[in-house]
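Enquirer: Pasting the sequence and the predicted model now:
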Amino acid sequence: QVQLVESGGGLVQTGGSLRLSCVASGGPFSSLGVGWFRQAAGKEREFVAAIRRTERSTYYTDSVKGRFTISRDNAKNTVYLQMNLLKPEDTAVYYCAARVGLVTVSTTEYDYWGQGTQVTVSS
């Protein structure tokens, strides 16, 4: 059973940066596609970014393109989300999720989820 643990969230001012980490255990991490999702208060969980087993292929939702970068270090069983130029609308709980096979933007197609980490961007 794969377990995912996120860290790196916090409070930051508009224009600031944070780097989230997602550490996996209990399974063959290099065979997993990993996505980051977020859920703001009162809203549905939404796709943010994803990375395939090999980090050559990455995907982003339009609102974070050019500001966020997803990467992975398979030797450390870790996926990162570097978030720059943060905006108040980026405030949410951020979750990482993993699945065997190709990554998708759909929350229903991921098999494993972390507990989430809060990101708050003040104006």
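Expert: Received, thanks. Note that the structure is a prediction, hence the values are computed from the model and not measured.

Enquirer: Check the offset of stretch 23-35 from the chain's centre.
Expert: How far stretch 23-35 lies from its chain's middle: 13 Å, per CA atoms, centre = their mean, to the nearest Å.

Enquirer: What separation do you get for the residue nearest the centre of the chain and Ser123?
Expert: The centre of the chain sits closest to Trp36, judged by CA atoms, centre = their mean, with a distance of 2.4 Å. Trp36 sits 23 Å away from Ser123, going by CB to CB, to the nearest Å. Quick note: C-beta positions are derived from backbone N, CA and C, even for glycine.

Enquirer: quick one, strands of this protein?
Expert: 3-7, 10-13, 18-25, 32-39, 46-51, 58-60, 68-73, 78-83, 92-100, 112-113, 117-122 (DSSP state E).

Enquirer: what lines up beside the longest one in the sheet?
Expert: If I follow you right, that is strand 92-100. strand 32-39 (antiparallel), strand 112-113 (antiparallel), strand 117-122 (antiparallel) (DSSP bridges).

Enquirer: same thing with the second one?
Expert: For strand 10-13, the paired strands and their directions (DSSP bridges) read strand 117-122 (parallel).

Enquirer: now do the third one
Expert: Strand 18-25 pairs in its sheet with strand 3-7 (antiparallel), strand 78-83 (antiparallel), by DSSP bridges.

Enquirer: Residues contacting the longest one, please?
Expert: Outside strand 78-83, the residues that touch it by CB atoms under 8 Å, 6 or more residues apart in numbering are 17-24, 34, 36, 48-49, 51, 64, 67-73, 90, 94, 96, 119.

Enquirer: wait, which of the strands paired with strand 92-100 is closest to Ser106?
Expert: Closest approach to Ser106 among the strands paired with strand 92-100 (CB to CB): strand 32-39, 9.3 Å.

Enquirer: Filter the contacts of strand 78-83 down to the buried ones, ChimeraX style.
Expert: Listed next is the ChimeraX selection for buried residues among these, using 16 or more other CB atoms under 10 Å:
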select :18,20,21,22,23,24,34,36,48,49,51,64,68,69,70,72,90,94,96,119
